[in-house]
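Peer 1: Predicted model follows, preceded by the sequence.
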Amino acid sequence: MAGVGAGAVAPTARALRWARPWPPAFLWLPAVLVAGAVLLPLAYLLVRTLGAGDEVWRLLFRARTLLVLGRSLSLAGAVAATTVALALPLAWLTARTDLPWRRLWAVLTSLPLVIPSYVGALVAVSALGPRGMLQGLLARPFGVDRLPEIYGFPGAWLVLSLLSYPYVLLNLRAALGRLDPALEEASRSLGHSAWATFRRVTLPHLRPALAAGALLVALYTLSDFGAVSLLRFETFTWAIYLQYQTSFDRTLAAALGLVLVVFAIGLLVLEGASRGRSRYYRSTAGAVRPPAVARLGKWRWPAVALCALVVLGAVALPLSVLGYWLVRGLLAGQALAPLGRATVNSLYVSGMAAAVVLVAALPVAVLSVRYRVWVVALLERASYVGFATPGIVVALALVFFGARYATPIYQTLALLVFAYGVLFLPTAVGAVRSSLLQINPNLEDAARSLGRTPFRAFAGITLPLIRPGLAAGAALVFLLTMKELPATLLLSPIGFKTLATSIWSSASEAFFARAAAPALLLVLASSLSLALMNLGERR
């Protein structure tokens, strides 16, 4: 084993396999606390649902409820498949090739993540609707008096796919950064072509990142409210909102939210089964070298065209429409509300949430990779439950909990950050887990054999090696917090305004110029963090 001299005493099997039979307390104790915190909203849903009696079961087994469930699952599946198809070539091009302006494309292709779904839906309706801006441009030269409907499944699929593919992209980029190039070199030395090497060697090693990213996209789609409501595609989140708005019956809405949680758990089980027991790290000693840069040759400019097309639809179009609203409003003399305080509040609470969630995600991710026991699997799956629960349901559950049992933290930033942790913990867990899977645990075993404690071995050996995953996880949580709306609206302290709430309040009153200004500022503030993350990556 690397790091043990010829005269060293051979370590025992117990020392080399310190991951079994039970993890150290510095890992399992925080993971248990994190899982218990994440399951708190689920406990609320159970209490409210079980207290409703037979009325809940009649609602859940109605034909309309099953139809809405089918729509939700079909949209989640379609969006997940589309995002994988988009993210895989983009990740490869921006991480492993000589693509012109590669670092710039790495930032630009990640930017859709900063655009809230409700802003994307508003842009889609305004620009691509039957009587939208595109129809106005085509009316005079081509006589087009009406475009096809953007509402329903096509619009929701398009908007959510273009705005959520970075979930998969950032996970894949982190995984590609840790992939041992010796594996691909060995395949090429055996006579395999570049495509065969990618298909038989690279792609299987990217499976954890692909699965984690697709899972996040599916859960995000199931829990989205803004896009599906504005594009008039009835899913479970919209049905829950209507139940709250029309009948003011939180019990029936809680039952519908519980159904979403059940199906989210089903997705988690399928994703776990797809992992298998394969290893994704080096099995021999040696330094990890930067991967060789693949030469695109005649495919350089088609690759640039692909990146440009995606960026045009996912970034340039929304920003152009927002800019149009802003300029039109300014020319009409509309006054813009001051946004300095809202910007500071957004950056402060998002940074706090990113730090807290990353610390909470680390023990969960380490346990899921290093310890293959059923208790650990249960803890990891529990961490994903909150992400599948609609933000409005999590927020209302915490309102109920805070008002009754946690009065000192009710309407404080502590409860708001807690809600962000429940909602966005899986984004950090998935990113950190993908990096951990490619770190050989024998490195920690060697440190243990030389007398280091489990904590010191992990902090000194593994933690520096998973920096790409840590950076990706923190960036994802930061960006999601910046644009989160339902939890921010319901749980913010009185007078605490963010860019997201400013956008919503202005758009709901049809002040599009006022909505465009904070929306553009939100994109700018969030994109700076993505740019810094990409520029800080080490090839």
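Peer 2: Received the coordinates, thanks.

Peer 1: Below-threshold pLDDT in the stretch 301-450 of the chain: ranges please.
Peer 2: By pLDDT under 70, the low-scoring segments of the stretch 301-450 of the chain are 334-337, 372, 386-388, 440, 442, 444-445, 447-448.

Peer 1: Show me where it has its helices.
Peer 2: 317-331, 340-370, 374-388, 391-405, 413-436, 442-449 (DSSP state H, counting those that start in this stretch).

Peer 1: Let me know the pLDDT of the residue lying closest to Asp224 once chain neighbours are set aside.
Peer 2: Sequence neighbours aside, Ser117 is the residue nearest to Asp224 in space, at 5.4 Å (criterion: CB to CB, 6 or more residues apart in numbering). In this view, the C-beta of every residue, glycine as well, is placed from N, C-alpha and C. Ser117 is assigned 86 on the pLDDT scale.

Peer 1: ok, back up a step: generate a markdown table for the helices of the stretch 301-450 of the chain, with mean neighbour count and distance to Ala174 as supplementary columns.
Peer 2: As requested, these are exported to a markdown table (neighbours: other CB atoms under 10 Å; distance: least, CB to CB, whole Å):
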| stretch | mean neighbour count | distance to Ala174 |
| --- | --- | --- |
| helix 317-331 | 18 | 26 |
| helix 340-370 | 21 | 12 |
| helix 374-388 | 21 | 18 |
| helix 391-405 | 21 | 26 |
| helix 413-436 | 26 | 6 |
| helix 442-449 | 20 | 19 |
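
Peer 1: now those helices as a markdown table including distance to Leu90?
Peer 2: Output for the helices of the stretch 301-450 of the chain, formatted as a markdown table (distance: least, CB to CB, whole Å):
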| stretch | distance to Leu90 |
| --- | --- |
| helix 317-331 | 17 |
| helix 340-370 | 24 |
| helix 374-388 | 23 |
| helix 391-405 | 27 |
| helix 413-436 | 17 |
| helix 442-449 | 31 |
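
Peer 1: related to what we said a few turns ago, if I pick the residue nearest to Asp224, what's in contact with it?
Peer 2: Val159, Leu160, Leu163, Asp224, Gly226, Ala227 (CB atoms under 8 Å, 6 or more residues apart in numbering).

Peer 1: wouldn't the fourth one be in contact with Leu160 here?
Peer 2: Spelled out, it's Asp224. Yes - the criterion here is CB atoms under 8 Å, and Asp224 meets it with Leu160 at 6.4 Å.

Peer 1: hang on, Ser526 packs against Leu479?
Peer 2: Yes - counting by CB under 8 Å, Ser526 does reach Leu479; the two are 5.1 Å apart.

Peer 1: Name the residues contacting each of those two.
Peer 2: With CB under 8 Å, 6+ apart as the test, Ser526 and Leu479 both reach Leu113, Val114.

Peer 1: In the contacts of Ser117, which residue is surrounded by the most others?
Peer 2: Counting neighbours by other CB atoms under 10 Å, Val159 comes out on top of the contacts of Ser117 with 32 neighbours.

Peer 1: Hmm, it is touching Gly120, no?
Peer 2: Yes - using CB under 8 Å, Val159 is in contact with Gly120, at 4.6 Å.

Peer 1: shared neighbours of these two, anything?
Peer 2: Ala227.

Peer 1: Let me have the contacts of Ser117 in JSON lines, extended by pLDDT and distance to Ala63.
Peer 2: Formatted as JSON lines, these follow (pLDDT from 0 to 100; distance: CB to CB, whole Å):
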{"residue": "Val159", "pLDDT": "93", "distance to Ala63": "28"}
{"residue": "Leu160", "pLDDT": "94", "distance to Ala63": "26"}
{"residue": "Leu163", "pLDDT": "92", "distance to Ala63": "32"}
{"residue": "Asp224", "pLDDT": "84", "distance to Ala63": "24"}
{"residue": "Gly226", "pLDDT": "77", "distance to Ala63": "27"}
{"residue": "Ala227", "pLDDT": "84", "distance to Ala63": "25"}
